[in-house]
Each structure stands twice: as structure tokens, then as C-alpha cells.
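J.: Make a model of this:
(one chain, ligands or ions: 1)
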Amino acid sequence: MVYDLMILGGGPAGYLAAERAGHAGLKVALVEERELGGVCLNEGCIPTKTMLYSAKLYDGVRHGEKYGVSAENLTIDHARAVARKAKVVKSLVAGVKALMKANQVAVFSARGEITGKSAEGYTIKAGEETLTGKRILVATGSAPAMPPIPGLKEGFDKGFVLTNREILDLKEIPSRLAVVGGGVIGLEMASYFNSVGAKVSVVEMLDHIAGENDQDLVNILKADFEKKGITFALSARVTAIEENGVRYEQGGESKFIEADKVLLSIGRRANTQGLGLETIGVYTERGAVITDDRMQTNQPGVYAAGDVTGFSMLAHTAYREAEVAVNNILGHGDAMRYEAIPAVLYTNPELASVGETEATAAAKGLPYKTVQLPMKFAGRYQAENEGGRGIMKLLVNTRTQQVIGLQALSNYASEFIIAATSFIELGLSLEAIKKIVFPHPTVSEIIREAVFQYE
Ligand code: FAD
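T.: Residues are numbered from 1 along each chain as shown. Below you'll find the model as predicted:
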């Protein structure tokens, strides 16, 4: 059998590509060494959001007096939250399995490695089997970066240092959790463990948390976190993981945080080692596969999508990149665009953003104006956020009168960011947006308000 498409990796990029290609009638092989669904379903997006929901419910009732809600002897059962997470993951992974079956995808549960090229096509070794196919999609995703910090490996081997994989299955809440890395993953986990009672300290090398997000919004979120008891050490470089904590250097001084567990969340690296990419001459750069905007590598018929491209490590980017790759394989021209990729920090409140921030717009020299509004201008926000301090920023290109960015710190921000994503992707003008009817009362009405306030 010669497959039309062989896919390495069954995460969002791999399974979506398999589904679409199978549906279009291609003969597809999917090789996955762990679980279908990849990092996203098994140890990333879905499990974190499932657990964060338990924490949100708990916090909602715990701080419910101002809404007239109170409860006695309120507790959160962490073990039960973890068990429910496992149930949700199992159900979604089963859904992916069913999708593969429905689209006649041949799934191989093995580690795959590209072994070469013959007259019939490329070859992949998947466990004991050798597969041959006309094309390959590399969708092997990413893994946590493991820097050479003294004591890190030993700490990891002892179960003292955890990555996102292990922390989601912790049976007990650590009394003190040190989070190394204040990016999205670190902050979501800090938020959860703070809610369920751990004393959380975040150590971040940069002078700010939450990466490239708008710092005015981030500062409100950080102050909120601090009020809840999370501490931050910024401009702090971790120098060693010791027996009972994390040593770091800050402002020329050596400092130490005691911890019962350490979460390592300093970034992720593309999974390209041992894949055999070099045997067929696929170019990589700093460990990530290089593609063009059609997701094709330098080798004919070899594509890559998702985290393995090292570009925008988000599940929805992976989906779209996979779709672009399959569309090109099917001969339906398609190209990847990254201007309107939304990103969400699922803390409580959520921080959602799409397009340019003031910092990136200024760095690019774009002509822009910002409309900044307090979220409480939206009636529903006030109804549901007593004393809430959320804000939103809408960035408009003053030359084209088009929306080029939006950031919001608010409940439901993850849901309404799609509105701004659509404006940017479709290049809608402010005049066109003014004619769109928003449901009332919704938090999303803040966008309409901002559009009308633009002068
Ligand atoms: P992956 O999901 O990494 O899947 C790759 C698959 O390839 C894996 O299953 C792996 O086992 C398999 N594989 C690797 N090498 C081989 C091989 N040689 N042979 C066979 N199989 C192989 N993104 C969001 O958009 N929203 C979120 O809320 C979000 N939350 C996250 C929370 C956490 C804690 C983490 C870690 C990530 C989160 N992400 C989130 C990122 C998201 O999980 C990734 O962007 C997404 O999983 C990338 O999909 P992928 O298909 O490229 O790779």
C-alpha cells in the first residue's frame, strides 16, 4: 500500500489534517507514539481549562458575598477536579479516535521516523512496520524546554520539578509551589494552585510577566494576583534547583524561594530530534521545521504544521496550518496568515488579545490610535463583576480606518475576541463594523462602544 499522506504526530495539527485528508478521499496513515489528541487534549489546553473551571466555581462562591451568595464549609476537592479532568480528556480523545475511524485513517500507535525515499515515495518506520507514502506531514509538536540549570534534572527525576504533564496529575496540593517562568502556562497554573490553596511564587527572567501581552492589562492582572497572595520575582534568573527550593539571581544578589514542588514553564521546543528529517534533507532552524506560507518544507511533498514549526505555539494555529497544508496537497491553493491569531490567558479574569498591541504597532511604525475603555462600560460586565477593574484597548489604523488589534481583560474575553479576530481577518472598516448588531446585554458590546467612541 502506498499512502497519499503519512502524518507524524496525532495532536491538533496531525488529527485535523488526517480528518480533512481522509474526508477528501486520500489514503492517510497517522503515526502517534503517545495518545491521539497530542499535548492539547491530553496535557495542555483541555485539562488546564477543565481544572481552571473548578477553581473558578470555587472562587465564585468563596467570594460570592457581594452578590448575595454565601456558603458554609466550602471546600474544593482537588483530587476530584483531577479525576473530572481525566474524564473530559478521555471523552475527547475517544472523539478523535472515532473521527479517524469515520474518515478511514489508518492509525499506527508507534514512534515514527522518516527513513528515506524510494521510487514509490517516502518511507517511515513506525514501530515494526515500514510505511510508504507520496507525502509527509510533520506534526510532532513540542515539548517543555529543559535548560541546563544545575539540579534541574535531578529535581525532575525525583518528582520535585514538574512540567505541565506531571503537574496536571498531582494527587495533592503542594503547600508551596514555585513556578519558574511567568508566561501563559506558568500563570494559568499559578492561578489554579493559588485558588486551591497553595502558596505560589513565580520567578520570571524578564522584567514583566505574560510575554508580549499589553502591559497595562497585565499590570492589572498582576496586581489582582498579588492581592490573592501570588508573589512575583521579576528580572530574576534561576541559577539552581536545590533540595527544597529555587535559587535565583536578581539585581546582582543571590536569592532563594522555598518550595515543595517546582513547575518548570519556561517555554517549549519543537520535537524534531530523532525524526529522520536530515535523511531526506528537510531544513530546520533552531530545531524547528522551516516552511513557506503553504506549510511546505524545502522538500517536495513534505509539509509541516503546528508547534513543530516553532512559530505560533497555539492549538488553533496548528489547526489552521494543518488545513492549509491539506488544502495545498489537494490542489486547492491556500496560504497561512498570522495577522489575526487570537491568544488567551485563561486566568480569572481572562486576558485575550488579537493583532497588534500598542508596543508592536509602534515598533512597526504603523499609524494607529487606541480607544481604551473600562470594561464596566458594558452593562453585563458590571452585572457580573462587582468592583471589576478590567479594561479593553481597540487599536485602529488611522490611515485605513480598520481595526488592527484588540486586547481585553475581562470575563468571557476568550469568547468575544473572535469578533475582533474576524474584523482583522476580513479587513472590516469601522463604518462596516458600526452596522453589526451585538446582542445585549453582553460583555462584547464594549467593542461596539469603542468603535463608536473612535474619532
Ligand atoms: P502536539 O499537540 O504537541 O502533538 C504532537 C504529537 O506528536 C504528540 O501527541 C506526540 O506524542 C506526537 N509525536 C511526537 N514525535 C513523534 C514521533 N516521532 N512519532 C509519533 N508521534 C510523535 N494552546 C491553545 O491554543 N490554547 C490553550 O489554552 C493552550 N493551553 C496549553 C496549556 C498547556 C499546559 C500547554 C503545554 C500547551 C497549551 N497550548 C494551548 C498549546 C497547544 O497545546 C499546542 O499548541 C498544540 O498542542 C500543538 O499541536 P500540535 O499538533 O502541533 O502538537
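J.: wait, doesn't Lys142 sit right on Gly267?
T.: Lys isn't right for residue 142; it's Ser. No - at 9.2 Å, Ser142 does not count as touching Gly267 under the criterion of Cβ atoms under 8 Å. Backbone N, C-alpha and C define where each C-beta goes, glycine included.
J.: which of the two has more neighbours?
T.: Under the criterion of other Cβ atoms under 10 Å, the comparison of Ser142 against Gly267 puts Ser142 first, with 24 against 15.
J.: The residue nearest the centre of the chain: what's it in contact with?
T.: For the chain, the residue sitting closest to the mean C-alpha position, by Cα atoms, centre = their mean, is Leu314 at 4.3 Å. Applying Cβ atoms under 8 Å, 6 or more residues apart in numbering, we find Leu314 in contact with 341, 343.
J.: what about 10 Å?
T.: With contacts defined as Cβ atoms under 10 Å, 6 or more residues apart in numbering, the neighbours of Leu314 are 12, 40, 44-45, 184, 306-307, 320, 341-344.
J.: which one is Val354 nearest to, not counting chain neighbours?
T.: With Cβ to Cβ, 6 or more residues apart in numbering as the criterion, Val354 has its nearest non-adjacent residue at 4.2 Å, and that residue is Pro342.
J.: what number of residues lie near that neighbour?
T.: The burial metric for Pro342, expressed as a neighbour count using other Cβ under 10 Å, is 19.
J.: what do you get for Gly211?
T.: Neighbours around Gly211, by other Cβ under 10 Å: 15.
J.: With Ala408 instead?
T.: By the criterion of other Cβ under 10 Å, Ala408 has 33 neighbours.
J.: thinking again about what came up before, filter the contacts of Leu314 down to the ones in strands?
T.: Within those, residues falling in strands by DSSP state E are 343-344.
J.: And the contacts of Leu314, which two are furthest apart?
T.: Put simply, by Cβ to Cβ the two of the contacts of Leu314 set farthest apart are Val184 and Arg320, 18.8 Å from each other.
J.: Need the per-residue pLDDT for Phe311.
T.: We have a pLDDT of 88 for Phe311.
J.: Tell me how far stretch 52-59 lies from the chain's centre.
T.: Mean-position distance between stretch 52-59 and its chain equals 20 Å (Cα atoms, centre = their mean, to the nearest Å).
J.: What of stretch 221-234?
T.: Relative to where its chain is centred, stretch 221-234 has its mean C-alpha point 22 Å off (Cα atoms, centre = their mean).
J.: That one: which residues count as buried?
T.: Residues of stretch 221-234 classed as buried by neighbour count (16 or more other Cβ atoms under 10 Å): 221-222, 224-225, 230, 232-233.
J.: Equivalent analysis for stretch 298-313, please.
T.: For stretch 298-313, the neighbour count (16+ other Cβ under 10 Å) marks 299, 301-313 as buried.
J.: Tell me if it is near the ligand.
T.: Yes - under the criterion of Cβ under 6 Å from any ligand atom, the ligand is reached by stretch 298-313 at 306-308, 313.
J.: centre of the chain versus that stretch, how much separation?
T.: What separates the centre of stretch 298-313 from the centre of its chain is 17 Å, taken as Cα atoms, centre = their mean.
J.: mind checking the end-to-end distance for it?
T.: End-to-end distance of stretch 298-313 (Cα to Cα, to the nearest Å): 21 Å.
J.: Also stretch 426-436?
T.: Across stretch 426-436, the straight-line distance between its terminal residues is 14 Å, by Cα to Cα.
J.: mind listing what's buried in it?
T.: Counting neighbours by 16+ other Cβ under 10 Å, one finds that the buried residues in stretch 426-436 are 428, 430, 433.
J.: Just the ones in strands from those, please.
T.: Where these are compared with strands, as defined by DSSP E, there is no overlap at all.
J.: nearest to the ligand, of these?
T.: Distance to the ligand, by Cβ to the nearest ligand atom, is smallest for Leu428 among the buried residues of stretch 426-436, at 23.9 Å.
J.: Lys376: neighbour count?
T.: If we define neighbours as other Cβ under 10 Å, then Lys376 has 16 of them.
J.: typo on my end, it should be Ala362
T.: The burial count assigned to Ala362 is 11, neighbours taken as other Cβ under 10 Å.
J.: secondary structure element for it?
T.: Per DSSP states H and E: Ala362 is located in helix 358-363.
J.: Now the element after that helix, going C-ward?
T.: Towards the C-terminus, the helix or strand next in line after helix 358-363, according to DSSP H and E, is strand 368-374.
J.: you'd agree Ile76 is in a helix?
T.: No - the secondary structure assignment for Ile76 gives coil rather than a helix, going by DSSP: H, G, I helix; E, B strand; the rest coil.
J.: Excluding covalently adjacent residues, which one is nearest to it?
T.: Taking Cβ to Cβ, 6+ apart, and ignoring the residues beside it in sequence, Ile76 has Tyr58 as its nearest neighbour in space, at 4.3 Å.
J.: so who does the one you found touch?
T.: Taking Cβ under 10 Å, 6+ apart as the contact definition, Tyr58 lies against 74-77, 81, 195-197.
J.: Go through these and single out the one with the most neighbours.
T.: Per-residue neighbour counts (other Cβ under 10 Å) across the contacts of Tyr58 peak at Ser195, which has 21 neighbours.
J.: got the contact list for that one?
T.: Ser195 neighbours (Cβ under 10 Å, 6+ apart): 51-52, 54-59, 62, 76, 228, 348.
J.: What of Gly333?
T.: Each residue near Gly333 by Cβ under 10 Å, 6+ apart is listed here: 294, 324, 327.
J.: hang on, the last one in a helix?
T.: It stands for Asn327. Yes - secondary structure assignment (three-state DSSP) places Asn327 inside a helix.
J.: sorry, back to before: export the contacts of Tyr58 to TSV and append columns for distance to the ligand and pLDDT.
T.: As requested, these are exported to TSV (distance: Cβ to the nearest ligand atom, whole Å; pLDDT from 0 to 100):
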residue	distance to the ligand	pLDDT
Leu74	27	97
Thr75	25	96
Ile76	20	95
Asp77	22	96
Ala81	15	97
Ser195	16	97
Val196	16	96
Gly197	20	96
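J.: Name the nearest residue to Arg448, ignoring sequence neighbours.
T.: Arg448 sits nearest to Phe438 (Cβ to Cβ, 6+ apart), 4.9 Å away.
J.: SS state for the one you found?
T.: In three-state terms, and counting by three-state DSSP, Phe438 is coil.
J.: Count residues in the vicinity of it, would you?
T.: Going by other Cβ under 10 Å, the residues that sit close to Phe438 add up to 18.
J.: can you check the one 5 residues further on too?
T.: Applying the criterion other Cβ under 10 Å, we find 25 residues in the vicinity of Val443.
J.: That one contacts Glu384, doesn't it?
T.: Yes - using Cβ atoms under 10 Å, Val443 and Glu384 qualify as a contacting pair, with a distance of 7.9 Å.
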